[in-house]
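**Student:** Can you look at this prediction? I've put the sequence above it.
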Amino acid sequence: MRLRRQRPASLLLLVLLAGCVSVSPSPSAGPSAGPSTTSTPSATSQPTATPFPGLRLPEPAAFDSRAISYAVAIELEAGGSGQLIFRVENLTDTLIDELVLRWPTEVRETIFLAPFAPSQQRIREGGDPLVQDWTKWVEGPGEHGEPAGTTSLGWGPLLPGATLTILVLATRVAPGPLLFDLQILAGEAVLTSDGEPAWFQVNVP
């Protein structure tokens, strides 16, 4: 910390008056490194925040105060393919009509995320093997408000108090690690976890 010399009392008064301007965190500041999203205003006019090195999601259309808890497991070795496992629990007594995972579409330039692995056998067999649990897989802009530059994966309703485990296959298409935003939504509104939006970062090795 740099030491400052003493200033005259009149100059100090001017500085204190100038410091009375209110500074509020911006709602578009984006997610933190964990489940909570926080923003700390800077006391100086000089930019001090470190630019986010990963892929960002746009501000959601709305926020949903219904509470969930979630956990993410990354079963993906560096340089290889694997899966991401999302465990989401509805902590309320109301039905979430459609639980949606959303990430930047640009993620597919490094890893391709999908709810299942396509195969010629699936196509030949038809019928039940083609029926999936997911309700939508949309690259925005979509017909229901899915924003441009995003991929949305819907998993149907989540009953009150129920827990849903979602397996997303991750196929490596380019080398290197990846850090990207992910949101958990009810339709087009980001749900709440620990009092903060369920908007967090996924770090793939």
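**Tutor:** Received the coordinates, thanks.

**Student:** if you count residues, which strand in this structure comes out on top?
**Tutor:** Ranked by residue count under DSSP state E, the longest strand found in the chain is strand 62-76.

**Student:** where in the protein is pLDDT low?
**Tutor:** For the chain, the stretches with pLDDT under 70 are 1-52, 118-133.

**Student:** quick one: the strands in it?
**Tutor:** For the chain, the strands defined by DSSP E occupy 62-76, 82-90, 99-104, 111-114, 136-139, 150-154, 163-172, 178-186, 189-193, 196-197, 199-204.

**Student:** how about JSON lines for these, with distance to residue 56 and mean neighbour count added?
**Tutor:** C-beta here means a position set from N, CA and C on the backbone, and glycine is covered the same way. Formatted as JSON lines, these follow (distance: least, Cβ to Cβ, whole Å; neighbours: other Cβ atoms under 10 Å):
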{"stretch": "strand 62-76", "distance to residue 56": "17", "mean neighbour count": "15"}
{"stretch": "strand 82-90", "distance to residue 56": "18", "mean neighbour count": "18"}
{"stretch": "strand 99-104", "distance to residue 56": "7", "mean neighbour count": "22"}
{"stretch": "strand 111-114", "distance to residue 56": "16", "mean neighbour count": "19"}
{"stretch": "strand 136-139", "distance to residue 56": "16", "mean neighbour count": "15"}
{"stretch": "strand 150-154", "distance to residue 56": "10", "mean neighbour count": "21"}
{"stretch": "strand 163-172", "distance to residue 56": "19", "mean neighbour count": "17"}
{"stretch": "strand 178-186", "distance to residue 56": "5", "mean neighbour count": "21"}
{"stretch": "strand 189-193", "distance to residue 56": "14", "mean neighbour count": "22"}
{"stretch": "strand 196-197", "distance to residue 56": "14", "mean neighbour count": "19"}
{"stretch": "strand 199-204", "distance to residue 56": "10", "mean neighbour count": "20"}
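
**Student:** how close does the residue lying closest to residue 80 once chain neighbours are set aside sit to residue 149?
**Tutor:** Counting by Cβ to Cβ, 6 or more residues apart in numbering, residue 80 lies nearest to residue 172, which is 5.9 Å off, once chain neighbours are set aside. Separation of residue 172 from residue 149 (Cβ to Cβ, to the nearest Å): 22 Å.

**Student:** would TSV of the strands of the chain with distance to residue 55 be doable?
**Tutor:** Below are the strands of the chain laid out as TSV (distance: least, Cβ to Cβ, whole Å):
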stretch	distance to residue 55
strand 62-76	16
strand 82-90	15
strand 99-104	4
strand 111-114	11
strand 136-139	14
strand 150-154	10
strand 163-172	14
strand 178-186	4
strand 189-193	17
strand 196-197	17
strand 199-204	9
